[in-house]
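K.L.:
Pasting the sequence and the predicted model now:
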Amino acid sequence: ETGVTQSPTHLIKTRGQQVTLRCSSQSGHNTVSWYQQALGQGPQFIFQYYREEENGRGNFPPRFSGLQFPNYSSELNVNALELDDSALYLCASTLGAGGPMNEQFFGPGTRLTVL
Amino acid sequence: AQKVTQAQTEISVVEKEDVTLDCVYETRDTTYYLFWYKQPPSGELVFLIRRNSFDEQNEISGRYSWNFQKSTSSFNFTITASQVVDSAVYFCALSQNRGDQGAQKLVFGQGTRLTINP
């Protein structure tokens, strides 16, 4: 286990609703990245938070937003849910930003289903 | 733009066979990093190996070995004497060193589902 935890494990929402997913990073890690993994696909980078600020974003619309707290835990918020938002959402923590020599440790993910 | 291609969608072999997972990448950067991750049914991505673009030395770790060839932009992964527990989805990923310019993001391939049959 990596020490990265995510909650909830599974979630079912309806189109148009809002959802908040949570991630607790590995102890001492100050950087959290979020990825979306659609069924049968590889994970896609959503954004990264470093020291409570967004530090880079992938090709996702503004209705995907996030927060990082002083204890480095993080939230991913998705507004106006669409059917295509159904996916496994993965959180990864690492020490420091911008340095790929620092391995990203992934959590088990939250499976979101939008009906 | 960066891109990772794993042409093998699914592979199925019998236990104890050797199996190679292919990965081809595209990047314009001279400095980059390559990774392999394993995703068991539980969903958590498990880090296997990291290689930087200046280190083409191939590596063997137990039953695992990696073949990095910059000339062909390939970073292949071989499991020797496969076991049922090796069954998982394997992802190849590419990353750049952006330093202070922003986030380190991983660009993943679509994954190869490996099934080891007893």
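P.N.:
The structure has been received and is ready for your questions.
K.L.:
got a list of contacts for the helix or strand harbouring residue A:91?
P.N.:
Using DSSP states H and E, residue A:91 maps to strand A:87-94. Strand A:87-94 has contacts (Cβ atoms under 8 Å, 6 or more residues apart in numbering or on different chains) with A:2, A:4, A:6, A:21, A:23, A:25-26, A:29, A:31-39, A:43, A:72, A:74, A:76, A:102-107, A:109-112, B:43, B:45, B:104. No exception for glycine: its C-beta is placed from N, CA and C like everyone else's.
K.L.:
Kindly supply the ChimeraX command isolating those of the residues you listed that are buried.
P.N.:
Command for ChimeraX that selects the buried part of those, burial taken from 16 or more other Cβ atoms under 10 Å in any protein chain shown:
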select /A:2,4,6,21,23,25,26,29,31,32,33,34,35,36,37,43,72,74,76,102,104,105,106,107,109,110,111,112 /B:43,45,104
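K.L.:
Need the distance between the two termini of stretch B:35-44.
P.N.:
End-to-end distance of stretch B:35-44 (Cα to Cα, to the nearest Å): 15 Å.
K.L.:
Kindly report the residues of chain A close to chain B.
P.N.:
Counting by Cβ under 8 Å from any Cβ of the partner chain, chain A comes close to chain B at A:1-2, A:33, A:35, A:40-45, A:47-48, A:50, A:55-58, A:88, A:90, A:92, A:94, A:97-109, A:111.
K.L.:
Burial check on residue B:14, number of neighbours?
P.N.:
By other Cβ atoms under 10 Å in any protein chain shown, the residues close to residue B:14 number 9.
K.L.:
what do you get for residue B:87?
P.N.:
Neighbour count for residue B:87, taken as other Cβ under 10 Å: 18.
K.L.:
Past the helix or strand of chain B with the lowest mean pLDDT, which element shows up next along the chain?
P.N.:
Lowest by mean pLDDT, DSSP states H and E among the helices and strands of chain B is strand B:59-61, with a mean of 82. Next in sequence after strand B:59-61, counting helices and strands by DSSP H and E, comes strand B:64-69.
K.L.:
Output the contacting helices and strands for the helix or strand just after that next one.
P.N.:
Per DSSP H and E, strand B:64-69 leads on to strand B:74-79 as the next helix or strand towards the C-terminus. In terms of contacts (3 or more Cβ pairs under 8 Å, 6 or more residues apart in numbering or on different chains; DSSP states H and E), strand B:74-79 is packed against strand B:19-21, strand B:24-26, strand B:32-39, strand B:46-52, strand B:64-69, strand B:88-96.
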